[in-house]
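Engineer: predicted model, plus sequence, below.
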Amino acid sequence: MTLLSRIPLVMDVDTGTDDAVCIAAATLCTDRIELLGIGAVCGNVEIEKTARNTLDLIDFLGCEAPVHIGASRPLARPLCTAVSHGTTGLGDVALPAARRGFAEGGVTELIHGAAKRHPGGLEILAVGPLTNIATALTECPELLALIKRITIMGGAIRGGNMTLASEFNLYCDPEAARIVFESGCALTMVGLDVTLKPELPRHIFDRIRAAPGPQADVVARVLDFMMRRKDEFGADDPNLHDVIALAAIVKPSLFTFESYYVHLETGGEVTRGMTIADFNNVSKRPPNALVAVDIDADGFWDWFVDLFGAGK
Ligand code: BDR
Ligand code: CA
């Protein structure tokens, strides 16, 4: 049996209920990834909250990855926060305050340091607005040659969740998204085309609730908040967007991918942050993204419950 080498990974998050699920899952993927650090960005809530939520969560999970504070506003616009993560960003989940502080330096320093230690091998998982990633690529152009791939939860080649055509993360900072999509870095786009497909079934929720360990504990509490939103406000079954982008890294066989040149639209009432795939090669530009277009939803839930030790 060939052992796969671990992927050196930096995460960038706007924690965020589903970001918290993604982070907890990542800390359980130690056979596949080496988590080098986490950057926080403003998005679902303000940076003070996303950073604090991330640090408290990581500490609660007993993970030693450093947490770096990133951008407090999008590159060219005021911040628009999301409505579905509660006022703190973690719904009504309360965590003990972390016993350690934030790491020195911003997210550019985190990515640059990690990329120098793993030249050509570093992967980035970005599950919030792309402000930190665009800033790092702009401030350190040499990163282009050092980063292996950036996997993005964001966009959609069909539909949206902020407007008819745009998804929250890219809508939040479309100028940053444009920089990243035009950067020349290898990108994987995990958008709403796949993240809306697995809707949390009640029996999966019940299994996570019965599973042992701090990861299952905190994820069960986040999912409980999501389930109550559904029951109380008639929302759809919860979607776990960000952890699906993690699955695209550690379990890519669950997905169907297609390569496209993806144009990032920055303006317009409906089109701000819209991702447009060049299906007919009108632009004559080479593909800039591997786009996840389908997912084996049952296989995803099997992977998810196994990860949390929630068994069959
Ligand atoms: C994305 O937006 C945020 O609200 C979620 O955390 C996820 O990253 C889904 O559109
Ligand atoms: Ca997020």
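Structural biologist: It's in. Ligands and ions are numbered 1, 2, ... in the order given.
Engineer: how about the strands in the stretch 151-300 of the chain?
Structural biologist: Ranges of strands in the stretch 151-300 of the chain, per DSSP state E, counting those that start in this stretch, are 187-190, 255-260, 262-264, 275-277, 289-295.
Engineer: any idea how far the residue lying closest to residue 180 once chain neighbours are set aside is from residue 89?
Structural biologist: Leaving aside its sequence neighbours, residue 180 sits nearest to residue 130 (Cβ to Cβ, 6 or more residues apart in numbering; 4.8 Å). (Glycine included, C-beta is placed from N, CA and C.) Distance of residue 130 to residue 89, given as Cβ to Cβ, to the nearest Å: 18 Å.
Engineer: so the two - more neighbours on which side?
Structural biologist: residue 130 (32 against 25; other Cβ atoms under 10 Å).
Engineer: who touches that one in this structure?
Structural biologist: Each residue near residue 130 by Cβ atoms under 8 Å, 6 or more residues apart in numbering is listed here: 152, 154, 169-170, 173, 176-177, 179-180.
Engineer: where's it relative to residue 87, distance?
Structural biologist: Residue 130 is 24 Å from residue 87, by Cβ to Cβ.
Engineer: hmm, back to that, out of the contacts of residue 130, which are inside helices?
Structural biologist: Of those, the ones assigned to helices by DSSP state H are 169-170, 176-177, 179-180.
Engineer: out of those, which is nearest to ligand 1?
Structural biologist: residue 169 (5.0 Å; Cβ to the nearest ligand atom).
Engineer: disregarding residues adjacent in the polypeptide, which is nearest to that closest one?
Structural biologist: Spatial nearest neighbour of residue 169, chain neighbours left out: residue 154 (3.9 Å); criterion: Cβ to Cβ, 6+ apart.
Engineer: does that neighbour really touch residue 189, like I thought?
Structural biologist: Yes: Residue 154 is within contact range of residue 189, at 6.9 Å (criterion: Cβ atoms under 8 Å).
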